Every structure is written in structure tokens, then in C-alpha cells.
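K.L.:
this one's structure only:
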């Protein structure tokens, strides 16, 4: 058994797709527009190395709630493979304003930082 994909709602599908492409080198698929659910559009993002896929979804009913914790998935964690890679991406994100929490070693032993997608969804980057 394996996890097929995770799905994230976003208010700005193009900005979210650009985030995954520019920050992680992801391949972004073409938009899918639902015929049965007017306004629903999604795009699949595939991270380098194959495997992990993220479905970015939007619709006119989605509202941004910045910095809100709520029931449901809290974040997606992406392993970059090294502390140096975490440091480098965290610095890029500091420069563009998307760094939420700088690199550190957590109590459970992960070297990580937390960055935000457009709209505020959190992405944990680990070494």
C-alpha cells in the first residue's frame, strides 16, 4: 500500500502551482476543469524523483484564512535530503517572505523549517 497523493485547497491555483515549481522543481500538470462541479479546477504537481503527488484544488467557494489552525491536515512535509538544502531553500523563502519558521532541529530529531504556500498553507521542509 502507498499514499497516492495529498490534496490542498488554494484560492490562487496559478500562484500555488508556481510555488511548487519554483521552490521544489516540481512538474505541474494541466488544469482539470470539472464538468459536474462548476468552478472546480485542479492541477497535479509531481515532485522530482517521481512518487509524491500533490493535487492543488480551487473553486469560487474557497476562502483564505491566513494563520488559522483548524481541523484537518496541518501541513505537508517534503524531505530535501540534507540540512544544507533546507538552509538554502529557507533563505530563499526568507527573501520572498514565505518563511514561517527558520531552520532548527526539533525535539523529534528532524532538521526542518516551515514555509508557506500562497494563501498560507504550510509546508515543512526537512533534511
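P.N.:
Received, thanks. What you are looking at is a predicted structure, and each value in this text was computed from that prediction instead of being measured.

K.L.:
state the helix or strand in which residue 21 lies.
P.N.:
Per DSSP states H and E, residue 21 falls inside helix 13-24.

K.L.:
which SSE is immediately downstream of that helix?
P.N.:
Per DSSP H and E, the helix or strand that comes after helix 13-24 is strand 27-28.

K.L.:
that following strand pairs with which strands, parallel or anti?
P.N.:
Strand pairing for strand 27-28, determined by DSSP bridges: strand 41-46 (antiparallel).

K.L.:
which stretches of this structure form strands?
P.N.:
6-9, 27-28, 32-33, 41-46, 53-58, 75-79, 99-105, 111-116, 122-126 (DSSP state E).

K.L.:
what's the closest of these to residue 21?
P.N.:
strand 27-28 (5.4 Å; Cβ to Cβ). Every C-beta, even on glycine, is put in place using the N, C-alpha and C of the backbone.

K.L.:
ok now the closest one, how far from the chain's centre?
P.N.:
Strand 27-28 has its C-alpha centroid displaced from the chain centroid by 13 Å (Cα atoms, centre = their mean, to the nearest Å).
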